[in-house]
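> predicted structure and sequence below. I'll ask about it afterward.
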Amino acid sequence: MGFWWRPLGVLASVMLVALFLWAGWGWVAALGFLAGIQAFVMVRRLWQEFRLARWLENPDEVEPPDANGTWGDIFYRLQKLQRRQKASRSELTNALEQFEHAAMAVPDGMIILNSNDQIEWCNPASRIYMGMDCDRDRGQFVRYLLRQAHFLEFLDAADYSRRLVCKSPVNREITLSMQLVPFGESKKLLVARDITDLERVDAMRRDFIANVSHELRTPLTVVGGFVETLADAPELPAAESRRYFDLMLDHTRRMQRLLDDLLTLSRLESAEHALKDETINVPELALALKAEAESLSRGRHRIRLDIDSDAWLKGNLQEIRSALGNLVSNAVRYTPEGGEITLAWRARNGEGVFSVTDTGEGIAAEHIPRLTERFYRVDRSRSRETGGTGLGLAIVKHVLTRHDARLDIQSIPGKGSTFSACFPTTRLQSAPEGATVIPFPERQAAG
Ligand code: ADP
């Protein structure tokens, strides 16, 4: 209502002046005055309309008109409207930009398809997984770019609950899981997720279960068979049943070793099982391992110790002992009678290296990178015969990784192998004051 007061006030004043003029100078003067006012109003109105039209045509570049009175009010309201519109437009643009940036950064490949399955938009990841180029392929039919039969069947089925697992058309090493998501008016989002790692883990899990079942089946079958035989023939001669019991004991121990190794691996892998550091007197440990090797070898090998470093280690004694013990036991098991096994502790390029060298059968180069895989064996029957579980080096690798160390394997078939656990400087520490540093002639590699 405020808008009307000013024009009504002006009109009333004009009429009042016209009446005075009429009363004083007659009707010609009053009419002349009114005609003058009318002409002024018309010219002013044309001028303001012109300014308004010019501004409306190009509101961002032309200065907004400024005036008093009714026109001022109109201009002010229009400007307010324009400002509000501008603000909401920039908010919308910001939101869209943010959305586009987020969609660009999504690690999954994403393609927006219209109702005819033509590409409207795609993100950079879709180039990596599906070879799309948004600038080049916008408007193209997706079926002409991704022509694999199973993809076309998936696209035509338009079953939004289904996922298609397939190899990437641009990189056969990548496995993708594709899904169609409907949105808007008959549009679709095609999402391609890289599941290569998941697939690999799944394959590893399947292999692992198959391997464990296979490892357990033989001893279980043997034990089961003997139990049945003993049950069916209680009158068996004592020597024969003794032999059966010994064999059953052998296989039971084999299962026990397998379960122990599996539990050790699972403990090492579990994130909750944090490493508890303590101080390890390596020369003393080496002595203990030498004694262990002698007991395993039962005089069949010459065992030597070569200690050339006084350094101690920071780590978990039980884990390190079990890892190095595995290397020592492998050397004994894979070295024929009369061979030589050397346990050494040396400083090399700032690292502490504990190595176990044997003059055994050695390993062909192609097997070396796979030795630390679970259940990987070069000679399956040799490993089993000597009581191996196929998990020893997997345990060694885990333990060393937890100690920031690495396993280095050098081998020449027919000549022998050296397995070295290399510990970084950060894991080394000098022997405490007053400790018996190296109290035996092994410093000179004595036997
Ligand atoms: P296993 O229980 O079979 O010994 P490991 O994981 O300890 O399992 O070792 C994996 C394989 O590596 C063994 O089966 C064997 O073929 C090979 N290997 C390990 N140590 C030696 C060695 N010192 N000399 C020759 N071959 C070895």
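Looks like it arrived, so ask away. Residues are numbered from 1 along each chain as shown.
> the stretch 251-400 of the chain: strands as residue ranges?
Applying DSSP state E, counting those that start in this stretch to the stretch 251-400 of the chain gives strands spanning 278-280, 302-307, 312-315, 340-348, 351-358.
> list just the one of these that sits closest to the ligand.
The ligand lies closest to strand 351-358 among these, at 5.2 Å (C-beta to the nearest ligand atom). Where you see a C-beta, it was placed from the backbone N, CA and C, and this is true even at glycine.
> what pairs with the closest one, and is each one parallel or antiparallel?
Taking DSSP bridges as the criterion, strand 351-358 forms sheet pairs with strand 340-348 (antiparallel), strand 416-423 (antiparallel).
> and Glu173, which of the strands of the stretch 251-400 of the chain is closest to it?
strand 351-358 (34.2 Å; C-beta to C-beta).
> what's the angle from the closest one to strand 302-307?
170 degrees (axes from the mean of the first three to the mean of the last three C-alpha atoms, to 10 degrees).
> okay, now Pro7: neighbour count?
When neighbours are defined as other C-beta atoms under 10 Å, Pro7 has 12 of them.
> three-state assignment of it?
Three-state call for Pro7 (DSSP: H, G, I helix; E, B strand; the rest coil): helix.
> which residue packs closest to it, ignoring adjacent ones?
Nearest residue to Pro7, sequence neighbours excluded (C-beta to C-beta, 6 or more residues apart in numbering): Thr70, at 5.5 Å.
> what's the answer for Val212, then?
With sequence-adjacent residues excluded and distances taken as C-beta to C-beta, 6+ apart, Val212 is closest to Leu262, at 7.0 Å.
> kindly report the same for Arg54.
Arg54 sits nearest to Val62 (C-beta to C-beta, 6+ apart), 5.6 Å away.
> close to the ligand: what parts of this structure are there?
With C-beta under 6 Å from any ligand atom as the criterion, the chain meets the ligand at residues 326, 330-331, 334, 358, 360-361, 363, 371, 376-379, 383, 388-394, 417.
> again, only using 5 Å
For the chain, the residues found near the ligand under the criterion C-beta under 5 Å from any ligand atom are 330-331, 334, 360, 363, 371, 377-378, 383, 388-390, 392-393, 417.
> in a strand, the residue nearest to Arg54, correct?
No - using three-state DSSP, the assignment for Val62 is coil, not a strand.
> can you classify Asp404 by secondary structure?
Secondary structure, three-state DSSP: Asp404 is coil.
> so it sits against Thr425, correct?
No - applying C-beta atoms under 8 Å as the test, Asp404 and Thr425 come out as separate, 10.1 Å apart.
> and the residue minimising distance to the centre of the chain, how far is that from Thr175?
Geometric centre of the chain, nearest residue: Asp197, 8.1 Å, by C-alpha atoms, centre = their mean. Distance, Asp197 to Thr175, using C-beta to C-beta, to the nearest Å: 9 Å.
> before we move on, what about Glu340?
Using C-beta to C-beta, Glu340 is found at 48 Å from Thr175.
> repeat that for Pro234.
Pro234 sits 58 Å away from Thr175, going by C-beta to C-beta.
> related to what we said a few turns ago, what packs against whichever strand or helix holds the residue nearest to the centre of the chain?
Assessed by DSSP states H and E, Asp197 sits inside helix 196-232. Using 3 or more C-beta pairs under 8 Å, 6 or more residues apart in numbering; DSSP states H and E, the elements in contact with helix 196-232 are helix 238-269.
> hmm, 10 Å instead?
Judged by 3 or more C-beta pairs under 10 Å, 6 or more residues apart in numbering; DSSP states H and E, helix 196-232 is in contact with strand 175-183, helix 238-269, helix 380-385.
> just those: most buried one?
By mean neighbour count, with neighbours taken as mean count of other C-beta atoms under 10 Å, strand 175-183 ranks first of the helices and strands packed on helix 196-232 at a mean of 16.
> just the buried residues of the helix or strand just after it, please?
Tracing the chain past strand 175-183, the next element assigned as helix or strand by DSSP H and E is strand 187-194. Going by neighbour count (16 or more other C-beta atoms under 10 Å), the buried part of strand 187-194 is 188-194.
> mind putting these into TSV with pLDDT?
Conversion of these to TSV gives the following (pLDDT from 0 to 100):
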residue	pLDDT
Lys188	94
Leu189	95
Leu190	95
Val191	96
Ala192	96
Arg193	96
Asp194	96
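> between the residues you listed, which sits nearest Ile74?
Ile74 lies nearest to Leu189 out of these, by C-beta to C-beta, at 46.7 Å.
> any idea how far the nearest residue to the closest one once chain neighbours are set aside lies from the ligand?
Leaving aside its chain neighbours, Leu189 sits nearest to Val181 (4.4 Å; criterion: C-beta to C-beta, 6+ apart). Applying C-beta to the nearest ligand atom, to the nearest Å, the value for Val181 to the ligand is 46 Å.
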